[in-house]
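In: sequence and predicted structure below; questions after.
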Amino acid sequence: MQFPFRKKQAVVNERKGLSREYVEFLLEEKQQREARDWYEKLCKFSESLKLRPPKSIEEKFKLDIVFSGLNVTPTGVISASIISFIFLTILFTSAFFSISLLIPSLASDNSTLAFLMAIPAIALWYIYTYPGFRANVMRVQAGDESIKIILYMAIYLKLNPSFEGAVNFACTHSKGPITEDIKKAMWDLQIGKYKTVEQALGTYTNKWVWWNEDFVRSISLLYGVLIEPNEQGREAILKKALSFILNTTHQKMKKYVEDVSSPIMMLHTMGLMLPAIGLIMFPMVSIFLHQSVSVPQLILGYVVLLPAFNLFFINRILQKRPGAFMVPDISKHPELPPEKYFVVRLGKTKIYMPILILSIFVGVLTMTYGLMHFADLWTEIVNPPIDIVDRLGCMSGTAPLECVLLNEAKMSPANLAATFSVTIGFGLALILYFYLSSFQRIKIRNDIKNIESEFQIGLFSLGNFLSEGYPIEVGMLKSLEEYQKLGMQSRPMYGFFLRMYEKMKNFGLTFKKALFDREEGLLKFYPSVLIDEIMRILADASEKSAILLGSISKTIASYLEDIYSIEAKIRELLEEVRSSIKLQATFIIPMVTGMVGALGIFILNMLKILAEKLATIEKTLGMQLLSETGSGATTFINYLVGDFTKVVPMTILQATVGIYTVEVVALFAMLLSGIENGFDKTARDWEISQTLIRALLVYVMVNIFALMVFNTLTTTIAI
C-alpha cells in the first residue's frame with residue numbers, strides 16, 4: 001500500500017504519526033463543503049476576526065479538526081470562543097444590572113455576578129474543546145463501522161475476486177466517517193487521480209490508523225486474497241481478516257471495562273452521593289451561614305454547574321470506549337419518522353408532530369401550579385401581608401416572614417402539589433422529549449436487530465439443505481419444518497422464511513422476485529441494510545445453482561456467527577458494569593435524593609421544636625438579652641438555633657432536589673446507553689426515557705413515604 005507524503009514528514013506528530021503536509025491536505029478537503037450545523041456556521045462567521053492561536057495550539061486544533069469531520073479552522077474555533085465569551089459576558093452583565101434596578105439588594109451581591117460570569121466561561125470552554133470531543137465520538141463510530149465494512153468486503157471477495165468491487169460494495173452499504181473517506185478515495189480513483197485502489201485508500205490510511213488501527217490491518221490482510229491461488233487459502237484469509245478485527249475489538253472492550261470501573265465509582269461518589277448528602281445541610285446553611293453563603297447560588301450550582309460537571313465526566317468516560325457492535329441501520333425503513341418529529345395516524349392521514357414544542361408545552365403546563373405557588377411565595381417573602389400570621393395559624397409573636405418560611409416546611413397538600421408539580425413537570429418534559437424521539441424508531445431498530453442476530457442461524461440451516469442438492473423451495477420448506485420441530489415458530493427468521501416460501505409457492509415467484517419485486521417483494525417489510533445486501537448476493541447465486549447458493553449461505557452464516565459470538569462475549573463483559581449503573585439510575589439515586597429532601601424538612605422542624613423549647617425555658621427562667629439598640633429582644637434562640645427568617649423555603653429545596661434527581665438520572669442513563677451501545681442516538685433516547693419513568697416513580701414514592709415517617713416523628717417529638 002502506498003502512503004502519500006511519506007517523504008515529506010518534516011514535522012511529525014508523535015501521538016498520531018501524521019505529517020504537517022498530510023494534515024493540511026485533509027483540512028483542505030474539509031473546507032470544500034458548506035457549513036452544516038450551528039457550530040460550523042458560528043466558526044465560519046467568527047473567522048473574519050482572524051484571531052490565530054499560538055503555533056502549538058494550532059497544530060493540535062488541526063489534528064482534532066481532521067479527525068472530527070468538522071468543516072472549521074483553528075482560527076474560526078478560537079474566534080468563535082472569544083466572540084461567544086464577550087457576547088455572553090455583556091448579555092449577563094447587562095441583565096444583572098437591569099435586574100438590580102428592580103431588586104436593589106442584588107447590586108451588592110458580587111457572588112451572584114461571579115456565578116453568572118461562569119456561564120460565558122463554560123461556553124468558551126465548550127466551543128474551544130468541541131473539536132476534540134467530536135474527534136473522539138467519530139473514533140467510536142468508526143470502530144463500530146469498521147466491523148461492518150470488513151464483513152461486507154469479506155462477503156463480496158468470497159464470490160468475486162475484485163478488491164475494487166469489494167470496496168465499492170462495502171462503502172455503498174455502510175454509513176460513517178470511514179465510508180465518507182472511502183467514497184472520496186474511490187471518486188479520485190475514477191477520475192484518474194490515482195492508478196490503483198491501493199493508492200487511493202492509502203491516502204487516508206494514516207488517518208484511519210488513529211480511528212481504528214485494527215481496521216487498517218484487516219484491510220491489509222484482505223489484499224492477500226488477490227494473490228492467493230488456492231480456494232482454501234482465500235477462505236482462510238477472509239476469515240482471518242474478520243476474526244482479527246473482532247478479537248482485537250473484544251480485547252479492547254475487555255480492557256475498557258477494567259479501566260472504567262474506577263471512574264464510574266468516582267462519578268457515583270463525587271458527582272452524586274456527596275452532593276446529595278450536602279443537600280441535607282441546606283436548611284442549616286441558610287439559617288447559620290446566610291451571611292457567608294448564598295443559598296440561591298447553591299441551588300443554581302446543583303441545577304446547572306454540578307450536572308454540567310457530571311456531563312463532562314461522562315463524556316470523558318464514553319470517549320474512551322472502543323467500537324464494538326454493528327449498529328443497525330434503520331435509514332431505509334419506509335415508516336421511519338423524520339428527525340425531531342413523530343407520526344400520528346388518523347386513518348390514512350399522517351400528521352407530523354414537533355417533539356420539542358410538545359414536550360415543553362406539557363412540561364410547563366404540569367409545572368403551572370408549582371410556578372404559581374412560588375410566585376405567590378416570592379410576593380409574601382418580599383412583602384409579607386399583615387394578617388399572614390393569623391391566616392397561616394402561626395404562634396402569636398412570630399415574625400411574618402418566619403411564619404411564611406416555616407409554613408413551607410409543613411407536609412400540606414398545597415406544598416406537596418407545588419414541589420411535585422415542578423419535579424414531575426420537569427421530568428415529564430424530558431421523558432416526553434426522549435420518548436417521542438425514540439419510541440417509533442426503537443421498535444424498528446429492535447426488530448432489525450433481532451432478525452439480524454438470528455439471520456446466521458437461518459442461513460446455515462437453509463445452506464445445509466441446499467448443499468445436499470435440494471431446490472430452493474424444498475430447502476426453505478425443510479428449514480421451516482426444522483423450526484417447527486424445535487418449537488421455534490415465534491422466532492423472526494421463521495416468519496421470514498414462511499412469508500418467503502408462501503410467495504414462491506402461491507405466486508410462482510422466483511427467489512429473487514420474492515425478495516425484491518416492487519409490489520410483492522418481501523424485503524420492503526424487513527428494511528435491514530445487512531439483510532438486503534446479503535440476500536442480493538444469494539439471489540445472484542441462486543440463478544447459477546442450488547449447491548453454490550448453499551455453500552455461500554453457510555459461508556456468510558459463518559461470518560455472521562463470528563460477529564455475534566464476539567458481540568455476546570462483549571455484552572457478557574459489560575453486564576456487571578451495566579447492572580451497577582442501571583441499579584444506581586433506577587433505584588439508588590431516586591431513593592437517596594427522595595430521603596434527602598424529606599430529611600431537610602425534618603431537620604428544619606427539629607430546629608423549630610428546639611427553638612420553641614428554648615423559648616419556653618427562657619421565659620420560665622426570665623433570661624433575656626436586649627439587643628444593642630435596646631429596641632427588641634435577642635434571645636438565646638438566636639445564638640443556639642439561628643434566624644428562621646433566613647431559612648431557604650423547604651418547597652424550593654424539595655423542587656431543587658427533584659430537578660437535580662431528574663438531571664442526574666438522565667445523565668446516568670446516558671452513561672448506561674453509551675457504554676453498551678456507543679453513540680447510538682435512538683438507543684440513548686429510549687434508555688433515558690425508560691430510566692426516567694422508573695426513577696421518577698421511585699423518587700415520588702420514597703419522598704412521600706419519608707415525609708410521612710418524619711412528619712409522624714416530628715409530631716411525636718413536639719408532644
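Out: Structure received.

In: all helices of the stretch 151-300 of the chain, in order?
Out: 163-172, 177-190, 197-223, 231-268, 274-280, 282-288, 295-300 (DSSP state H, counting those that start in this stretch).

In: so which bits of the helix or strand containing residue 402 are buried?
Out: In the assignment (DSSP states H and E), residue 402 maps to helix 400-407. For helix 400-407, a neighbour-count test (16 or more other CB atoms under 10 Å) marks 400-407 as buried. Backbone N, C-alpha and C define where each C-beta goes, glycine included.

In: what's the following helix or strand after the longest helix belonging to the chain?
Out: The longest helix of the chain (DSSP state H) is helix 413-467. Once the chain leaves helix 413-467, the next helix or strand it forms, by DSSP H and E, is helix 472-485.

In: who's in contact with that following helix?
Out: Residues outside helix 472-485 that contact it (CB atoms under 8 Å, 6 or more residues apart in numbering) are 458, 461-462, 465-466, 470, 489, 491, 493-494, 497-498, 500-501, 504-505, 511, 542, 546, 549-550.

In: list the helices and strands the longest helix of the chain packs on?
Out: Counting contacts by 3 or more CB pairs under 8 Å, 6 or more residues apart in numbering; DSSP states H and E, helix 413-467 packs against strand 341-346, helix 355-382, helix 472-485, helix 492-506, helix 529-542, helix 546-583, helix 650-677, helix 681-718.

In: hmm, who's touching stretch 668-682?
Out: Identification of contacts with stretch 668-682 by CB under 8 Å, 6+ apart yields 137, 140-141, 143-144, 260, 264, 267, 314, 317-318, 321, 323-325, 327, 330, 438, 441-442, 445, 571, 574, 577-578, 581-582, 584-585, 589, 683-684, 686-688, 690-692.

In: what mean pLDDT does it get?
Out: For stretch 668-682, mean pLDDT is 84.

In: CA atoms only: put that stretch into PDB for me.
Out: What follows is stretch 668-682, C-alpha atoms only, in PDB (Å, rounded to 0.1, in the frame of the first residue of the first chain):
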ATOM      1  CA  PHE A 668     -26.600   8.100  34.300                       C
ATOM      2  CA  ALA A 669     -29.000   6.600  31.700                       C
ATOM      3  CA  MET A 670     -26.900   8.300  29.000                       C
ATOM      4  CA  LEU A 671     -23.800   6.700  30.500                       C
ATOM      5  CA  LEU A 672     -25.500   3.300  30.600                       C
ATOM      6  CA  SER A 673     -26.600   3.500  26.900                       C
ATOM      7  CA  GLY A 674     -23.200   4.900  25.900                       C
ATOM      8  CA  ILE A 675     -21.200   2.100  27.400                       C
ATOM      9  CA  GLU A 676     -23.500  -0.600  25.900                       C
ATOM     10  CA  ASN A 677     -24.400   1.000  22.500                       C
ATOM     11  CA  GLY A 678     -21.800   3.700  21.900                       C
ATOM     12  CA  PHE A 679     -23.200   6.900  20.300                       C
ATOM     13  CA  ASP A 680     -26.400   5.300  19.100                       C
ATOM     14  CA  LYS A 681     -28.900   8.100  19.400                       C
ATOM     15  CA  THR A 682     -32.000   6.000  19.200                       C
END
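
In: please point out which parts of that stretch sit buried.
Out: For stretch 668-682, burial by neighbour count (16+ other CB under 10 Å) applies to 668-680, 682.

In: what subset of the contacts of stretch 668-682 is buried?
Out: 137, 140-141, 143-144, 260, 264, 267, 314, 317-318, 321, 323-325, 327, 330, 438, 441-442, 445, 574, 577-578, 581-582, 584-585, 589, 683-684, 686-688, 690-692.

In: measure residue 81 to residue 46 for me?
Out: To residue 46, residue 81 is 8 Å away according to CB to CB, to the nearest Å.

In: just to revisit the earlier point, of the buried residues of stretch 668-682, which is the nearest to residue 215?
Out: In terms of CB to CB, no member of the buried residues of stretch 668-682 lies closer to residue 215 than residue 678, at 15.4 Å.

In: ok, and the closest non-adjacent residue to residue 521?
Out: Leaving out its chain neighbours, the residue that sits closest to residue 521 by CB to CB, 6 or more residues apart in numbering is residue 515, at 5.8 Å.

In: just how off-centre is the strand or helix carrying that neighbour within its chain?
Out: Here residue 515, judged by DSSP H and E, is contained in helix 511-516. Put simply, helix 511-516 sits 39 Å off its chain's centre (CA atoms, centre = their mean, to the nearest Å).

In: tell me the mean pLDDT for that helix?
Out: Across helix 511-516, the per-residue pLDDT values average to 81.

In: which of the residues in that helix are buried?
Out: Buried, per 16+ other CB under 10 Å, within helix 511-516: 511-516.

In: with distance to residue 213 as extra columns, can I get those residues in CSV?
Out: Converted to CSV, the buried residues of helix 511-516 look like this (distance: CB to CB, whole Å):
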residue, distance to residue 213
511, 40
512, 40
513, 44
514, 42
515, 38
516, 38
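
In: nearest to residue 610, of these?
Out: Nearest to residue 610 among the buried residues of helix 511-516 is residue 515, at 79.1 Å by CB to CB.

In: tell me the contacts of the closest one?
Out: Counting by CB under 8 Å, 6+ apart, residue 515 makes contact with 500, 521-523, 535-536, 539.

In: average pLDDT for the longest helix of the chain, rounded please.
Out: Average pLDDT, helix 413-467: 85.

In: let me know how buried residue 712 is, in neighbour terms.
Out: Counted with other CB atoms under 10 Å, the neighbours of residue 712 add up to 11.

In: ok, it to residue 457 distance?
Out: Taking CB to CB, one finds residue 712 at 59 Å from residue 457.

In: ok, now residue 431?
Out: To residue 457, residue 431 is 37 Å away according to CB to CB.

In: those two: who's more crowded?
Out: Using other CB under 10 Å as the criterion, residue 431 and residue 457 rank with residue 431 on top: 23 against 18.

In: rewinding a little: I'd like the contacts of residue 515 as CSV, with distance to residue 50, pLDDT and neighbour count appended.
Out: As requested, these are exported to CSV (distance: CB to CB, whole Å; pLDDT from 0 to 100; neighbours: other CB atoms under 10 Å):
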residue, distance to residue 50, pLDDT, neighbour count
500, 63, 83, 23
521, 57, 77, 16
522, 59, 79, 19
523, 54, 77, 19
535, 55, 79, 24
536, 52, 76, 16
539, 57, 76, 18
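
In: need the contact list for residue 301.
Out: Contacts of residue 301 by CB under 8 Å, 6+ apart are residue 115.

In: read off the pLDDT value for it.
Out: We have a pLDDT of 78 for residue 301.

In: before we move on, what about the one 10 residues further on?
Out: Per-residue confidence for residue 311 comes out at a pLDDT of 85.

In: who's in contact with it?
Out: By CB under 8 Å, 6+ apart, the contact list for residue 311 reads residue 667.

In: name the element it belongs to?
Out: helix 306-319.

In: tell me the buried residues in that helix?
Out: Buried, per 16+ other CB under 10 Å, within helix 306-319: 306-308, 310-311, 313-315, 317-319.

In: how far does that helix sit from its chain's centre?
Out: On CA atoms, centre = their mean, the centre of helix 306-319 falls 11 Å from the chain's centre.
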